[in-house]
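Enquirer: I'd like to go over a predicted model; first the sequence, then the structure.
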Amino acid sequence: MAAELKKLSESRDLTRIERIGAHSHIRGLGLDSSFEPRLSSEGMVGQQPARKAAGIILQLIRDGNIAGRAVLLAGQPGTGKTAIAMGIAKSLGQETPFANVSASELFSLEISRTEALTQAFRKAIGVRIKEEAEIIEGEVVEIVIDRPASGSGGAGGGDSKSASKTGKLTMKTTDMETVYELGGKMIEALGKEKVQSGDVIALDKASGKVTKLGRSIGRSRDYDAMGPQTKFIRCPEGELQKRKEVVHCVTLHEIDVINSRTQGFLALFTGDTGEIRAEVREQIDSKVAEWREEGKADIIPGVLFIDEVHMLDIECFSFLNRALENEMAPILVIATNRGITTIRGTNYRSPHGIPADFLDRLLIISTQPYSEEEIGKILDIRCDEEDVEMSKDAKVLLTKIGVETSLRYAIHLITAAALACQKRKGKVVEMVDISRVYQLFLDVKRSTQYLMEYQNQYMFSEVPRETEGDEAMQS
Ligand SMILES: Nc1ncnc2c1ncn2[C@@H]1O[C@H](COP(=O)(O)OP(=O)(O)OP(=O)(O)O)[C@@H](O)[C@H]1O
Ligand SMILES: [Mg+2]
C-alpha cells in the first residue's frame with residue numbers, strides 16, 4: 001500500500017490544472033500578518049468583517065487541535081460567500097485537505113446521501129505518513145554507460161536493448177567518492193531526468209526514483225549555457241548513503257478507495273468509487289490509529305466546504321450533527337443565500353432552511369452587499385484576471401451596471417464585451433462595447449419585465465395573480 005500512496009501523492013501535481021473560473025482571481029483572504037483584512041489584497045476586496053472572521057477560523061484550522069467546529073457563511077446572492085471559502089482554501093497549506101461539495105451534488109450521486117457525506121468528510125481529513133527511506137545523495141562525478149560488448153548493431157540501440165544496458169555511476173560528497181553499478185532501469189531513470197556530471201541528485205534505493213536537486217556550485221562555471229531556472233547548490237557533506245524521512249500526505253478517503261477495490265487507485269481519478277463498506281473504513285481507522293501510536297502518521301484535520309447548504313434535507317442535517325462530534329471531524333464551512341424557508345424533507349420553516357438544533361452549533365458569519373466603489377474594484381481585478389483591457393469610462397459604466405443589476409452580471413459582461421471589442425478590431429474595451437453587450441444580454445430585472453409583458457406567448461404561462469407578480473419583481 002505504501003507504494004500506492006506514494007504514487008498518489010506524486011500524481012497530485014499532475015491534476016492541478018487551472019482555468020479562469022469564477023473565483024480564480026482569489027488567492028487568499030487578503031489578511032496581513034496580524035490577521036487584519038487589507039482593503040484589497042490577494043484578489044479580495046471589501047467585506048472586511050466577514051474576512052476577519054474567516055481569518056480567525058483559518059487560525060483555528062491551522063492550529064489543528066479543535067475538531068468539529070462549523071461555520072455558516074450567510075448573505076445575499078453574490079456577496080462573496082463562495083469567494084471567502086475559496087480564500088480559506090487557498091490560504092491553507094498544501095498538506096491541509098480542503099474538500100468542496102455542493103449540497104445539490106449529494107442528491108444526484110448513485111450512492112446514498114449519507115455515504116456521499118461520509119466520503120466528503122473523509123476527503124477533508126488528511127493523514128501525514130512518515131517513512132524512512134534509504135537515499136543516496138551526492139554530486140555526480142561521472143556516468144559511464146557500457147556499449148553492449150557483443151551486439152550486432154551498436155548504433156541502433158532501441159528500447160529493448162536499453163533494458164540490458166549496464167554502466168557505472170560515480171558519485172561524491174565533500175568527504176567521499178563511490179562508484180555504483182548501474183542496471184538498465186537506473187540508466188533509463190537517469191536519462192529521463194537528464195542527469196549529467198555536476199548535478200546533485202538523490203536516488204531512492206527502494207524505488208529507484210531519481211530526483212535532481214540542482215547543480216553543484218563547484219561546477220557552475222563549466223557550463224554557461226544553463227537555463228535561468230537552474231538551481232545551484234552545495235555539494236553535500238558526509239556519507240553518500242543516508243536515511244531520510246519521507247513524508248507523504250493523503251486523505252482518509254484516498255486510503256479507503258485504495259483498499260476497497262483491486263483497481264482502487266484508478267477509481268480515484270474516475271470518481272467511480274461506489275459505496276465503501278463500513279468494515280473497510282473500520283479497518284483503516286484502526287490501522288491509522290496504530291500508525292499514530294507508533295509515531296508513523298499524523299492526522300491533519302482539514303476543511304469540508306458545503307455550498308448551497310439549504311439543499312440538504314433533514315436526514316443530512318442529523319447526520320452532520322453526529323459527524324461533527326467525532327474527534328477526527330474536520331472544520332465544516334457551509335454557505336447559503338436563503339432567508340427563512342422550509343427545511344427540505346419537512347414542512348417546517350426555519351432560518352436559512354437549517355434546523356434549529358444544527359443552527360445552534362454554528363458560528364455564523366454574515367456577508368454584506370458591496371458598495372459601488374468595491375464593485376468597481378472587483379471588476380478591475382476581474383479585468384486583469386481575464387486579460388481584458390478596458391477604458392476608464394467603460395469601467396465606470398460597467399460599475400454602474402453592476403450596482404443597478406448584480407455583480408455577477410457585470411462580471412459576465414467583461415468577457416462578452418471583450419469579444420465585441422475584438423469583433424470591431426479594437427484593442428481596448430470602450431463604452432460602446434459595454435452598451436452593445438448590455439443590450440444583447442438581459443439581466444434578471446429586464447428579463448422579468450420582458451416576461452411580464454409577453455407572458456401569454458410562452459408555454460405553461462399562468463395568468464399572474466397580482467401579489468405573486470409583485471413578489472417576483474422585488475427579488
Ligand atoms: N470580496 C470580493 N473580492 C473579490 N471578488 C469577489 C468578492 N466577493 C465576490 N467576488 C466575486 O464575485 C462573484 C460572486 O461572488 P460569490 O460567487 O462568492 O457569491 P456568493 O455569495 O457565493 O453568491 P451565491 O449565494 O449566489 O452563491 C464571484 O466571481 C466572486 O469571486
Ligand atoms: Mg456561492
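Expert: Ah, there it is. Numbers count the residues shown, from 1 in each chain. Ligands and ions are numbered 1, 2, ... in the order given.

Enquirer: In this protein, which residue sits nearest ligand 1?
Expert: Gly80 (2.6 Å; C-beta to the nearest ligand atom). In this view, the C-beta of every residue, glycine as well, is placed from N, C-alpha and C.

Enquirer: That residue and Ala50 touch, don't they?
Expert: Yes: counting by C-beta atoms under 8 Å, Gly80 touches Ala50, with 7.4 Å between them.

Enquirer: Which of these two has more residues huddled nearby?
Expert: Gly80 (28 against 23; other C-beta atoms under 10 Å).

Enquirer: And stretch 293-312, how far out from the chain middle?
Expert: 14 Å (C-alpha atoms, centre = their mean, to the nearest Å).

Enquirer: follow-up on the earlier one: residues in contact with the residue of the chain closest to ligand 1?
Expert: Gln47, Ala50, Thr367, Tyr370 (C-beta atoms under 8 Å, 6 or more residues apart in numbering).

Enquirer: what's across from the third one in the sheet?
Expert: Assessed by DSSP bridges, Thr367 has beta-bridge partners Gly75.

Enquirer: returning to that earlier point: can you pick the most crowded of the contacts of Gly80?
Expert: Gln47 (26 neighbours).

Enquirer: For the residue nearest to it when sequence neighbours are not counted, what are phi and psi?
Expert: Spatial nearest neighbour of Gln47, chain neighbours left out: Gly80 (5.2 Å); criterion: C-beta to C-beta, 6 or more residues apart in numbering. For Gly80, the backbone dihedrals (degrees, to the nearest 10) come out as phi 90, psi 20.

Enquirer: now do Leu442
Expert: Per degrees, to the nearest 10, the backbone of Leu442 is at phi -80, psi 150.

Enquirer: So what's the residue count around the closest residue to it other than its chain neighbours?
Expert: What sits nearest to Leu442 in space, not counting adjacent residues and going by C-beta to C-beta, 6+ apart, is Tyr450, at 6.7 Å. Applying other C-beta under 10 Å, we find 11 residues neighbouring Tyr450.

Enquirer: what do you get for Leu419?
Expert: Neighbours of Leu419 (other C-beta under 10 Å): 13.

Enquirer: tally of neighbours for Glu134?
Expert: Glu134, neighbours per other C-beta under 10 Å, totals 12.

Enquirer: Identify the contacts common to Gly80 and Ala50.
Expert: What both Gly80 and Ala50 touch, as defined by C-beta under 8 Å, 6+ apart, is the set Thr367.

Enquirer: Is it correct that the residue nearest to Leu442 falls within a helix?
Expert: Yes: with DSSP: H, G, I helix; E, B strand; the rest coil as the criterion, Tyr450 is part of a helix.

Enquirer: And the pLDDT for it?
Expert: We have a pLDDT of 84 for Tyr450.

Enquirer: wait, doesn't it sit right on Val444?
Expert: No: using C-beta under 8 Å, Tyr450 makes no contact with Val444, being 10.6 Å away.

Enquirer: Tell me who's in contact with Glu315.
Expert: Arg113, Thr114, Gly345.

Enquirer: Quick one: buried ones out of these?
Expert: Arg113 (16 or more other C-beta atoms under 10 Å).

Enquirer: Compute the number of surrounding residues for Asp307.
Expert: Asp307 - counted by other C-beta under 10 Å - has 20 other residues nearby.

Enquirer: Buried ones in whichever helix or strand Asn321 is part of, by neighbour count?
Expert: Take DSSP states H and E as the rule and Asn321 turns out to sit in helix 314-323. Within helix 314-323, the residues that count as buried by 16+ other C-beta under 10 Å are Cys316, Phe317, Phe319, Leu320, Ala323.

Enquirer: does stretch 293-311 come close to ligand 1?
Expert: No: Stretch 293-311 does not reach ligand 1 (C-beta under 6 Å from any ligand atom); its nearest approach is 6.8 Å.

Enquirer: Please measure how far the first residue of that stretch sits from its last one.
Expert: 40 Å (C-alpha to C-alpha, to the nearest Å).

Enquirer: Pull out the buried positions in that stretch.
Expert: 297-311.

Enquirer: Stretch 376-392 now?
Expert: Gly376, Lys377, Ile378, Leu379, Asp380, Ile381, Arg382, Cys383, Glu385, Val388, Met390, Ser391.

Enquirer: Pull the distance from that stretch to the chain's centre.
Expert: 24 Å.

Enquirer: From Leu413, how far off is Asp387?
Expert: 16 Å (C-beta to C-beta, to the nearest Å).

Enquirer: meant to ask about Lys423
Expert: Per C-beta to C-beta, Lys423 is found 15 Å from Leu413.

Enquirer: Can you pick out the residue with more neighbours from these two?
Expert: Shown here are Lys423 and Leu413; by other C-beta under 10 Å, Leu413 has more neighbours (26 against 10).

Enquirer: what sits against Ala335?
Expert: Leu72, Leu73, Ala74, Lys81, Thr82, Ala85, Phe305, Ile306, Asp307, Glu308, Val309.

Enquirer: OK, contacts around the third one?
Expert: With contact taken as C-beta under 8 Å, 6+ apart, Ala74 is in contact with Lys81, Ala335, Thr336, Asn337, His352, Ile364, Ile365, Ser366, Thr367.

Enquirer: For those, I'd like a selection string for PyMOL - just the buried members, please.
Expert: Selection of buried members from those for PyMOL, criterion 16+ other C-beta under 10 Å:
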select buried, resi 81+335+336+337+352+365+367
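
Enquirer: Strands - which of the contacts of Ala74 land there?
Expert: Assigned to strands by DSSP state E, the following of these qualify: Ala335, Thr336, Ile364, Ile365, Ser366, Thr367.

Enquirer: Run a quick neighbour tally on Val403.
Expert: Look at Val403: counted by other C-beta under 10 Å, it has 16 neighbours.

Enquirer: Next: Val179.
Expert: 12.

Enquirer: Help me confirm that it comes into contact with Thr170.
Expert: Yes: Val179 lies in contact with Thr170 (C-beta under 8 Å); the separation is 5.0 Å.

Enquirer: Can I get stretch 59-72 in CSV, CA atoms only?
Expert: The C-alpha trace of stretch 59-72 is given here as CSV (Å, rounded to 0.1, in the frame of the first residue of the first chain):
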residue,chain,number,x,y,z
GLN,A,59,-6.1,30.2,12.6
LEU,A,60,-8.3,27.6,14.2
ILE,A,61,-7.8,25.2,11.3
ARG,A,62,-4.0,25.8,11.3
ASP,A,63,-3.7,25.0,15.0
GLY,A,64,-5.4,21.8,14.1
ASN,A,65,-6.4,20.8,17.6
ILE,A,66,-10.0,21.7,17.6
ALA,A,67,-12.3,19.2,15.9
GLY,A,68,-15.8,19.6,14.7
ARG,A,69,-16.4,23.3,14.5
ALA,A,70,-18.9,24.5,12.0
VAL,A,71,-19.2,27.9,10.4
LEU,A,72,-22.1,29.2,8.3
